[in-house]
Structure formats: C-alpha cells, structure tokens
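Student: predicted structure and sequence below. I'll ask about it afterward.
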There are 2 protein chains.
Amino acid sequence: MIRKYNYGTPFETEAIVKKFELSSGSPEFGTIDLSEGFCLEYLMDEMDIVYGLGEANRGINKRGYIYVSNNTDDAIHTEDKQSLYGSHNFIILSGKETFGMFFDYPSRITFDIGFTHHSKLTVSCEEANLSLYVITGDSAYDIVKQFRSMIGRSYIPPKFAFGFGQSRWGYATKEDFEKVAREHREQHIPLDMIYMDIDYMDSYKDFSVNEDNFPDFKAFISEMKQQNIRMIPIIDAGVKIEKDYDIYEEGVEKGFFCKKEDGSEFTAAVWPGYTHMPDFLNQEARTWFGDKYRFLTEQGVEGFWNDMNEPALFHTPEGLKRAKEAAREFIQEEDEKCSVWGLNSVLGGLANNPEDYKNFYHNIDGQRVRHDKVHNLYGYNMTRAAGEAFERIDPDKRFLMFSRSSYIGMHRYGGIWTGDNKSWWSHLLLNIKMMPSLNMCGFLYSGADIGGFSENASRDLLLRWLAFGVFTPLMRNHSAAGTREQEFYQFEGAEDFRHIIGVRYRLIPYLYSEFMKAALQDDLYFKPMAFEYPEDKIATQIEDQLMLGNEIMLAPVYTQNATGRFVYLPEEMIFVTFKSDGSIEEKRMEKGSHFIPVSLNEVSLFIRKGKCIPVCQTAESVDELDTTKLTMLGYENSEYLLYEDDGVHKDYENPGNYQEMKK
Amino acid sequence: MIRKYNYGTPFETEAIVKKFELSSGSPEFGTIDLSEGFCLEYLMDEMDIVYGLGEANRGINKRGYIYVSNNTDDAIHTEDKQSLYGSHNFIILSGKETFGMFFDYPSRITFDIGFTHHSKLTVSCEEANLSLYVITGDSAYDIVKQFRSMIGRSYIPPKFAFGFGQSRWGYATKEDFEKVAREHREQHIPLDMIYMDIDYMDSYKDFSVNEDNFPDFKAFISEMKQQNIRMIPIIDAGVKIEKDYDIYEEGVEKGFFCKKEDGSEFTAAVWPGYTHMPDFLNQEARTWFGDKYRFLTEQGVEGFWNDMNEPALFHTPEGLKRAKEAAREFIQEEDEKCSVWGLNSVLGGLANNPEDYKNFYHNIDGQRVRHDKVHNLYGYNMTRAAGEAFERIDPDKRFLMFSRSSYIGMHRYGGIWTGDNKSWWSHLLLNIKMMPSLNMCGFLYSGADIGGFSENASRDLLLRWLAFGVFTPLMRNHSAAGTREQEFYQFEGAEDFRHIIGVRYRLIPYLYSEFMKAALQDDLYFKPMAFEYPEDKIATQIEDQLMLGNEIMLAPVYTQNATGRFVYLPEEMIFVTFKSDGSIEEKRMEKGSHFIPVSLNEVSLFIRKGKCIPVCQTAESVDELDTTKLTMLGYENSEYLLYEDDGVHKDYENPGNYQEMKK
C-alpha cells in the first residue's frame, strides 16, 4: 500500500513515474511538525533497523548517525561525513512496525537516525515543500520492491559493461591507452573497457579531443574496438569559457547556462579554469547538451561517465575576491595575531561553498528557480540529458552511462560509481555495505573504484577488492594521478589478477542473468542477509555478507593479512572456491559459523541450499565469451532460470531470453 | 640470545638499560647495505607475521604497509598515515624464522613491511649511525620478554590511576570541574580523576594557574581529593615568551631553550602564541624543567599529562614569512591563474614543517646536535624530566604521568595515551589492535580517548568503547572543544554508563594484579591471541580479540548496531557477562566459533580453561574499593596469584604483596 502526502508546493523532480492520488490527513507513522520547515519524528523500537539512503556512508543499517542529502564532491569518505555525491531519500524502517518513506525533496534534507537520541528518527528540511510517500507491506523487502515499481525500471547497460574496465586519471595520449590495452592483451588479463579521464580532452573542454594526442580519434576508437575494447570518455558538467569554443558560444547565445540574479552567466572554476554551468533542469538546454554526445558517438564511442556534476565548484570569482581580502588581512596582521587557520579555512571553504549555490538560477518552464532549492537534481538531469539523447541517437541501442552525482530518478538513465574513495581496507568494506542500499534506491549498475582512487594501494588490497569487484556490475580499477600506479601489470604475479578477473568472466552468465532479472522485475541484485532470512536474529545484523540474486551469498575478505574469515550460514550451503589452478572446489557446509580459508588469489561464494548457478569458460572480453557451453555448480537436481539476450539491443520482453537450466 | 651491532656513531638514546658487547660481522637475518645511509632487507616467507612498532597505525600484524618513525602531531589517524606521535622501532618477525630487531635510532626511520613488495621487509634511514639489536628466542612472545628485560621496568602509576577519569578540552574554571565531580558523584558514576586541559593555565603558560578561575588552587585540589578525585593538569612543551614570566626568563638566562644556528632562541607558535622549546635533551635543562612540576605537586597535584611534545609547532616566524609571501603572490595573480590549492598547501604545511626541525639545536653534554637528528627523543626527555623530578620530590611516591609523544626508554618514566583520535568506530578497533603492540614496546599504562577526541560521539559508540576501556589501564573519556559534549551525563540512561564503569571497578583487583605482574616481570598485560595459541592457525590471525594477563580473553564489540559478535575460542572457556542488573552470568563454551550476544549495557570477557579471576564489589573511587572481600569467577578448583600493594608507594618486591586465591 502506497500513500502520497503533499506539503506546500512540491517541486516536480520526476523521481516517481506512477501517479498517485493524494492522501488526506497525516501519515500513520510518526508525527509531522510544520512550524519550522518540515520535521517528521518517529519513535523507534530498540531493535528497529533502518535501511535505505542509497549512496550514504556507514552501514547497511543506517541507525546511529546523521545523514544529510546534499550532493557534495568530498573525496574524504571518513565515518563522520554526512553527505556524499548522491541524494537517495528513501528509508525503510523494519521492526516493530515496518514501513518505507520516500521524501521527494530536491534540496538539503537531514535524516537523524537515532544519533542525537538513540530511539528517535527525525527527518527535517528547511522548506515544507515536498511529497512524502509512505509504503506499507509484508516486509522490508516487499516495501523495497513496491518502491522500485514506483520509480520506474532501472537503467540497463550493454553487456560489454559487465566486463572489466581499467582507468586512471593521467592517461592522456593514444599511446597511453594503447599501452594499457597491450599490457592486458599480452598478459591475457581480460579487459573490455578503458576509461578516459579528463586528460583526453583539449583543455578540459567538453566534447573535444586533444588533437595532438589523438591525430585520428575515430580510427583510434575503431582500432580499440577491433580488440574488443571500448573507450569510455568522461564528460564534466562545467563548460569552459573560451572564445570560439562552439559549446560555450552556443550556450551563451541560447541562454542555456545557469544565470545569476542580474541575468549574467554564473561563473565557477573547475578543471578547465572558469566555466559556465549548463542548465540541465531546463528541458531545452538538456536536449541541446545531450545532442553534443553525438560528437563522440559518431566517432564510435558507446559509453560515457558523467563527472563533477554535483556540481563541484573549485571557486567562484566572488569567492576568490573574499579569499584575496582575507589574504590581505593576513599579510597585514602582526605575526603574533596572525591566524593561519583562519586564512586556511577561508581558502578551504571556497570549494562547493553553500553561498555560491545560492547565487545562480535555473530556468524551469519559464520559472526562475534558485539552484540551492533544487541542488540535488543537477547530476540527475545531466545524466538524463545524455539518456534522452541516446534515445534519439539510436533508440534500439544500449549505451554505457554512469554518473558521480545522482538523485532517485536518475537510476532510469544511468548507473553510478561511488566516487573518489581511497586505497583503504575500510573503503572496501564501505563498498560492500553500500551496494544493497544503492540497489534499494534503483541503482543497480554500480561499483566502487577497485583498489581505491586516492592514496597508494598494496597488492593484497587490490586483490581482495578485486575479488569482491568480481560481483559488482560495474567492475573498474581506477586511481588518481600522483598515487602508486595501480594497473595489475604494475605488481608482481600477474597470474593472480588474471585468474580473479577470469573468474568474473566465468560468472557473467549468472551475474548478467541476475542483473537483468533484477532490473526487469524491479528487484534487487544485492540484498542484505536480512531480506532473505528475516527471522534469523544473527543473519539480520550481518553487514559484511551479501546475498547476490536468488542463488548465492558472498562473504568477502576485507582485512589485511587474513587468510580467510568467519562466515555465518543461516542454512546449509555449498562453499565454492575458484582455485588459482583453474579448478572449482565445492564443499557442503552446515548452518552455523565457520572459518573459511580464502587465499589472495582465490574467489569464493556460497550457493544456497537447493540451488545452482551456471558458469562458462573464461575469455578476454565479453564478446568472446562462449555462453552456449555452461557448467552448473551447486546442488544436484536443482534448476536455474537463465536470462540471456544479445547484450546490445532492448529486446527485453522476448520470452526466448529465458531458459530453464538443470543441474 | 641478544646481539648488538653498531653502525657509524650511534647516538646514546638510553632506550636500553643493559650493557651488551658488540657483535662482529653481520646479523644473521637479512642483508645490510650501507651505500646510502642504512638499509636492511629481509625476504619474508608468505606466512610470516610481523609484530611490534608500538604506537603505529593499522593492525597487530604490521605486514602490508609502510611505517615511518617520525613523531608527528597529526590528528587524522586514517589508514594511510605512516607516522603517529611515538617512535617504537622494535619489530618481531614470526614465522619460518623468528627474531626481533630493535633499531636504536632517534631520527626518521622507515619500515616498509611488505608494502612495496609483498615479500620484502626493508628498514632504512638516512644516516648509518645506529645500534641494531637482534634477538632470537623460542617464540615471538619469548623475544618480546627478552626485549622488555633490555629496556628496563615499565612505568608503574599509583593505583588511583586505574580508576576512571573524565576530561574535556574546554573545562576552564573551578566551577566547570566541580560540576563534573558533582554530576558523577550525584549520579553515582565512579570517578577518580578529572583531567585539566590547557584552559586551567594563565595564558597557556606552563606551571601557571589562572587565578581568576582558581582563586585558591591548593584548596581546590584538596577539596577534590576529599571526594577521592585527583585533578590531573596538562603540561605543554613550549614555554610562552612573555616578559616577567619566570620560567621564560630563567630559561633564557640559563640557556635552557633550544637555539638556532646563530645562537638565538628558536621560536615557534603553539597554544600560548610564540614560545621557546626547553632543551629536554640537556641534562641540566631537564633538571630545571622537572623541578618546575613542584609548583603543582606542592599544591597537592599527584599526576600530570605531558602534551605537544613531538614537539608540535603551529608555525615559526620564518614559516609565517614564507606564507605571507605566498599570500602576496596569491593576491597579485590574475583570477584565472590563481592557485587556491597552492596557497592552501603553503599554509597547511606550516605546522610541524620538517624544515623548522632542522632549524634548531640541542646542547647535549656540550655538543650541539641538530634537532631533526634526534627528533624522536623530545617527548621522551620531557617526560623523563618529570620522572626524574618526581624521584627528587618524593622518591617513595608514585605519580601519575603519561605523555603524547614517546620513544622506547620513556616507558620507564610514564605511560602514553594514543593521541587525538576521533569518534569513529574504526578508532575503537584501532585502539583494540594497538594495545598489545604498545605493551611489546614497554608501554603498559596506556589507553585511547574513549568515545573519541574529535568529531561527535553517539551514545552507543561511547558505551561500546567504554566496555573495552574497562580493560585498558588508562581509562579516560576525553573530547575536543566544539564537539558534542561527551560526559556520560549528557546522554540518556546514566545507569548504563554507571554499570559499565562500575564493572571496571569490580575488576580492579584482577586488572591491577595483572598489570603489576606484567610490569614487575617484564611481561605483557595485553597479548595477541597468537602469543598464547601459536599453533592455532585461526587464532594466530585474529586481531579483534585480545588476551589480557594470563586468565582472560576479550572479544569487544566494535560495530554499530550489532547486538553481539562472532568470537573464536581456541579452547574451551567460560563466557562471563556482567549483566545490567548487577548479576554475573557464567557460561561454559566449547572451542570453535560462536555468536555471542552482548548488549550495549553489558561487559563481557572469557575466562580461560582451568583458570579463575577475582572480582570485588564496585565503588565510586579506587580508594573506596574493598578488596578484602573477593569473589572468584571461573573454573572450579582453580587458583589465582593475586598481587596487591598500597597503591601509593614502591614496595614492589615485598613477598607479602602476593596471595594465592582459590576457587
């Protein structure tokens, strides 16, 4: 049962695709106070669990902290951070009472989930202009599925996007990319994609290519594709201010950039220097910007990642003026009184400054809307611009698309990666915990930067992270300029990396099938243990094991120097190990807790009682996979429903895509 | 067997108290290259474990990262940090070959323990002037005990220091402290100490008290002591430059501050503004500074904490000049070229700048020694100044003393707290993992800021941290100004805090006895599981359970929202729970892995097979404990050797301190 309540004048975010009658009265859960903005309070029971919030920090159970939906480019995802890149205002309370709530509100909104008071859930925002959807159902899992059906089908990438992708901020020239391709192919490490970070562009200009580095970009894309490698360029939100740069000039001429109160374009420095921000919330501007992707699709590009679209701002001219004033005062102060911290904090506060977000406006159906009021929709609508354009460019074809910033609704147009994490073991664990929450909010095609983006990765961290990455739909090794080189061939023992990525390819028949079924049935690819074993009091609190699809459970190793880990089995399962010699070991294990050995060069999973999964032989790219010869792992006399399609087009409803497999 | 090797001209750190003949030739483990400074390389076996390094980041097994001994005031202890506040250059390799190595070198030294290459241990420093001690023995545990016997008996605090202490940066007035005392006493939350952070002083001047806030300090100390509460003031390293301030004037006159190359005093800004740094490496200056503690001991103070003694430097006049130049350039740059990050990094680099550490000198026995060459000895010698003074002030009395910065050798003069951690669950885990390593290096009296120093703590984090803090010799709740107030009475349900701290007091007979036996026998209070169960392949890799003394094992809960945890028992044990109603539940559990329930308001421990421990009734201060009536928990027909003394004096060798207890 879904009830919709409106407060004030909600902004139409288009997160929800179904229409609902408005309910009268108050929601049956919690109390709402409208005296100062909007505030919902609900008294939690001691054992209540709170799920949801998608790309948010900390655990699967969100209880015990404060989360603020306020899309932010903050690269330091320590435990205390309240805001990340996306805003996914869907929570599910599970316990004494069980219900879901979606707060469709495009600006800053705060979820205090038992932090200030252990038993109090408080959701509040400054303006009481929002839609609140209250969902009741049989269980948390049922409520999630209802929510997913409200928000429309999740984005489905082409099948090649289930292969492995290599990335690094710093690859700049054709030769850089060719080296990556060559090293993988020569060492027989499977590879389907190489990501192009900002340095492929000419002066960081969107929809440009550095011609010195790529004398014939189209031929380059085509040569790579002949090796079954797709090049996936980045697109940033800000458009460089540069005379004769067509996109800049067109945008100004057509009025498609965000404007300040005085009608002039809003300016902010990002990678290219000063830029203007396309008004993605304006339908016409969105169409205009989306069509620019043709510049690359026409050269053979089949996928993109959208970045810096919170939007991230390094500084504005106004901010810089303030900083220069502060620097001037700093110089003039007597030494003893000089505040280094004071100036430091002025400078540090220039980036993504809330005041700057109040300084520009969108033109939405002729209405001027101040940016901060709809801040969390910006990345969503940038990705929507691309998604809507792909429908025009080739309506039958699937393009790869994922974004850094997002809001619920964007899940229909693209996936997300989880932003600029670090080479920390704790970020591998954060990756594990975040995946089911993302799925609940519709983001199925997602993953973290394997090995960590900033800081230096060790070989063992990379291997353990990769062994979890085997299971995330988006499987990408990405790292920042200036950090230790993180391609597999930079480390000893390439065979271990080859083996683990090889296992990913062996599992693609299952992983792709489960992904597609989850997408087509508004279901989850990753689930918390609690969703499958709600009555098991131990399983319901485990956050470092995940259910993947309907057949398997994962228990990734995420601690350094561990040769294995403890795992809890809520029922008998088969423990499967993909050994480094290529063999597959299957061992039946009874319900209970066990220590399982998992070497650095092994991949393990558990098959649930009475189930089986298909595996194929490995290959060096998705295109080369032979999925006609499948081996079934798991329980004798069990069955599996395999989904397969051509991986390119959108013929999802064809009953021929399904096949009953038997072990 | 201990062998000593000298390279070049080692600086006499006085870390080692025993004399050793020099060995000729090379150590039998690893190869040493002296072509560029000092470099030892050792090829590790796949399963080798590396213990040691005391106050270092990450795990009990140090393998897989780079650690740099370079005492640093860095308050962000994320996984990537290589240096913390102390330098404890003792490692134990345990595996195919087993040996210990102590690198007695007072400057920056790097331990690459299988990070760059998984199998390579590399220890290197710039100058080949050091003593290397190589220790062989039956086991890692045996080697640690040999090392401990080389470095002299660990510091022993007075018994009141095993009580609970409350602290917060921000308590300033007599009334602030009286409120803390009153709240604890009124709510019957045990309390033995209140720590006085920098605000008790007059303008942050060492050995001064703000007279407005404390009209009669001596009477105040005495009134608090009548309530069985000791006031523990902080002492910072830097001495404020202020005309007519006696310590400043004396220090200048006697030449007891560190000097620059030109012979003038080195100046750096810290809390008081510009300060000079006492030359703690100069014996006379040390005696002079140490005697200043009399100002407070004569007013009844019985304990101190030494801080900012890496030494931490906010900036120097020279640094500030560079920063002002950078600010001037920043102002003059055209907006488009302006580097906010550039200026920010100049400002951020002012604190603890390595160039500043090269700019001043110590006067050691008439020799001028540049600070950076002996940097890691500064905090050690500040605390030694105090320790040596206490011997003069009252040779029979134990004073409480712990420090932030340290080097091995300092463990004879004081304990340490682990510095400015955060209200992060991961820092609770770091606290757990760090304790045995600290013990290996001689630091027995230690603990972390319970609840976390910076960031905001939630009630559940504080309770879980406290339940581990029950077992750390130093048990202190400390937090930073500006964070959420973290005294127990700021949260709901004072009874839960009262209960957990009460359990600490019930356990003091055992904890004190084990601490004293560890100190008197050069043994460990906290041990890794591996030291007791070296043959158990699972136990040897567990890092989130600890052995405490000879009788108990701990398995603290350190994840949010968990109602318990998995625990591994290498042998049968009795699981003891101190229930919130005051009852004690004992349950025999067999060898293997189990899920144990532990509520937020419970304390649990495991008693090893065939052993027992004493508990007493709780009290509100250590002085009020009745240790004549002990109850024994654990196995029937088992025995325990109890150590007890008056807790004030140093009559350690009295055989009457030991008592055989039977269950």
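Tutor: Everything's here; your move.
Student: every contact and neighbour count from this point should use C-alpha atoms.
Tutor: Will do.
Student: now the helices for chain A?
Tutor: Assigned by DSSP state H, the helices in chain A fall at A:140-151, A:174-186, A:217-226, A:246-254, A:283-291, A:294-297, A:317-332, A:340-348, A:354-357, A:378-393, A:425-440, A:459-469, A:494-520, A:529-532.
Student: okay if I get the ones you listed as CSV plus mean pLDDT and mean neighbour count?
Tutor: CSV is the format used below for those (pLDDT from 0 to 100; neighbours: other CA atoms under 10 Å in any protein chain shown):
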stretch, mean pLDDT, mean neighbour count
helix A:140-151, 98, 22
helix A:174-186, 98, 15
helix A:217-226, 98, 16
helix A:246-254, 98, 16
helix A:283-291, 98, 20
helix A:294-297, 98, 17
helix A:317-332, 95, 18
helix A:340-348, 93, 18
helix A:354-357, 97, 15
helix A:378-393, 98, 23
helix A:425-440, 98, 25
helix A:459-469, 98, 25
helix A:494-520, 98, 23
helix A:529-532, 98, 19
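Student: which one of the ones you listed lies nearest to residue A:306?
Tutor: helix A:378-393 (6.8 Å; CA to CA).
Student: I'd like the helices of chain A as TSV, with distance to residue A:448 appended.
Tutor: Output for the helices of chain A, formatted as TSV (distance: least, CA to CA, whole Å):
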stretch	distance to residue A:448
helix A:140-151	22
helix A:174-186	20
helix A:217-226	25
helix A:246-254	31
helix A:283-291	26
helix A:294-297	25
helix A:317-332	32
helix A:340-348	26
helix A:354-357	27
helix A:378-393	18
helix A:425-440	6
helix A:459-469	8
helix A:494-520	16
helix A:529-532	21
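Student: of those, which approaches residue B:167 most closely?
Tutor: Closest among the helices of chain A, once you apply CA to CA, is helix A:340-348, at 24.9 Å.
Student: quick revisit: out of the helices of chain A, nearest to residue A:595?
Tutor: helix A:459-469 (16.9 Å).
Student: one step back: of all the helices of chain A, which lies closest to residue B:85?
Tutor: helix A:340-348 (21.5 Å).
Student: okay, now the residue of the stretch 1-150 of chain A found nearest chain B: neighbour count?
Tutor: Scanning the stretch 1-150 of chain A for the residue nearest chain B gives residue A:115, at 5.7 Å (criterion: CA to the nearest CA). The tally of other residues near residue A:115 (other CA atoms under 10 Å in any protein chain shown) stands at 22.
Student: surely it meets residue A:80?
Tutor: No: in this structure, residue A:115 is not within contact of residue A:80 by CA atoms under 8 Å, at 11.8 Å.
Student: for stretch A:651-663, buried residues please.
Tutor: For stretch A:651-663, a neighbour-count test (16 or more other CA atoms under 10 Å in any protein chain shown) marks A:652, A:661, A:662, A:663 as buried.
Student: and if you look at stretch A:619-635?
Tutor: By neighbour count on 16+ other CA under 10 Å, the buried set for stretch A:619-635 is A:619, A:620, A:621, A:622, A:625, A:627, A:631, A:632, A:633, A:634, A:635.
Student: now do it, average pLDDT.
Tutor: Here stretch A:619-635 scores 97 as its mean pLDDT.
Student: list the contacts of that stretch.
Tutor: Contact with stretch A:619-635 is made by A:159-160, A:162-163, A:185, A:188-192, A:228-229, A:502, A:505-506, A:509, A:574, A:586, A:607, A:609-618, A:662-663, as judged by CA atoms under 8 Å, 6 or more residues apart in numbering or on different chains.
Student: mind doing that once more with 6 Å?
Tutor: If you take CA atoms under 6 Å, 6 or more residues apart in numbering or on different chains as the criterion, stretch A:619-635 is touched by A:160, A:163, A:190-192, A:610-616, A:663.
Student: so which of the residues you listed reach chain B?
Tutor: Contacts with chain B are made by none of the contacts of stretch A:619-635, judged by CA under 6 Å from any CA of the partner chain.
Student: beta-bridge partners for the most centrally placed residue in chain A, please?
Tutor: Residue closest to the mean C-alpha point of chain A, counted by CA atoms, centre = their mean, is residue A:416 at 2.7 Å. Here residue A:416 sits in beta bridges with residue A:403, residue A:446, going by DSSP bridges.
Student: now do the same contact list for it.
Tutor: A:402, A:403, A:404, A:446.
Student: give me the distance between it and residue A:585.
Tutor: 34 Å (CA to CA, to the nearest Å).
Student: so what's residue A:252 closest to, chain neighbours aside?
Tutor: Distances taken as CA to CA, 6 or more residues apart in numbering or on different chains place residue A:265 nearest to residue A:252, at 7.8 Å, with adjacent residues excluded.
Student: if you could redo that for residue A:291, that was the one I meant.
Tutor: residue A:389 is the one closest to residue A:291 (CA to CA, 6+ apart), at 5.6 Å.
Student: so the one you found is in contact with residue A:292, correct?
Tutor: No: counting by CA atoms under 6 Å, residue A:292 is not a contact partner of residue A:389; they are 8.6 Å apart.
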